[in-house]
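*Asks:* Predicted model and sequence follow; I will ask about them next.
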Amino acid sequence: MNEIELIQNKIYEIRGQRVMLDRDLAELYGVETKRLNEQVKRNIERFPIDFMFQLTEKEMEDWKSQFATSNSIKMGLRKRPLAFTESGVAMLSSVLHSSLAIQVNIGIMRAFVTLRQMSVLPLPENNAELRAEIQALRKELNDILRDQNDINEETRMQLDAITIALAELQAKPKEEKPRRRIGFIQDDK
């Protein structure tokens, strides 16, 4: 098995996106998962939701169930893994500074490109049923990607609106209300 095939076996499809999990990336980069995640947390502004997300409990269970025969992949999971999209993996190269990280990143990018190229292979000419099925799958994939982009754009717009609202609240001067005196008040009558 060559390097690209090895990496392709560590690329999963989750939420309609091809992703790599933090533990697999850490293994490829030759660092502990904990250390990789520390670097990501230190540079979290570089990893928006379309670059990286944390698996939900259900996604984690679904992922684990794919490896029912292998217990070793399930061992040691205390936290839900982080999933990095192709863009997120590319961004990792800017936070991991080693020659090994650079070389591994090049291999990972090549694996993603190879998978993308495989998804746009020409349709077979001699099998109409297979052609129709592939075309339907491509249409469904394009619909999913379009919906994902719409969701990402909507999320960005909502975050922008929240940021603007918070800025307005911070800029708004506080109104001082007269304070009531506390304590014993002596009546002068």
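*Replies:* Here it is on my side, so go on. Keep in mind that what you see is a predicted model, and the values were worked out from it rather than measured. Numbering: from 1, shown residues only.
*Asks:* For the residue nearest to P81 when sequence neighbours are not counted, grab the count of nearby residues.
*Replies:* Once flanking residues are discounted, P81 sits nearest to L21: 4.5 Å by Cβ to Cβ, 6 or more residues apart in numbering. All C-beta atoms are positioned from the backbone trio N, CA, C, and that covers glycine. Counted with other Cβ atoms under 10 Å, residues neighbouring L21 total 22.
*Asks:* which residues does L21 contact?
*Replies:* In this structure, L21 makes contact with 10, 12, 55, 63, 81-84, judged by Cβ atoms under 8 Å, 6 or more residues apart in numbering.
*Asks:* what's the pLDDT at the most centrally placed residue in the chain?
*Replies:* With distances taken as Cα atoms, centre = their mean, the residue of the chain nearest its centroid is M52 (1.9 Å). Listed pLDDT for M52 reads 93.
*Asks:* now it: how far from R179?
*Replies:* When distances are taken as Cβ to Cβ, to the nearest Å, M52 and R179 turn out to be 49 Å apart.
*Asks:* With H97 instead?
*Replies:* 56 Å.
*Asks:* what helix or strand does Q135 sit in?
*Replies:* With secondary structure defined by DSSP states H and E, Q135 is part of helix 128-171.
*Asks:* thinking again about what came up before, okay, H97 and R179: which has more neighbours?
*Replies:* Between H97 and R179, counted using other Cβ under 10 Å, the more crowded position is H97 (9 against 6).
*Asks:* And that one, its phi and psi?
*Replies:* Torsion angles at H97 (phi, psi; degrees, to the nearest 10) stand at phi -110, psi 80.
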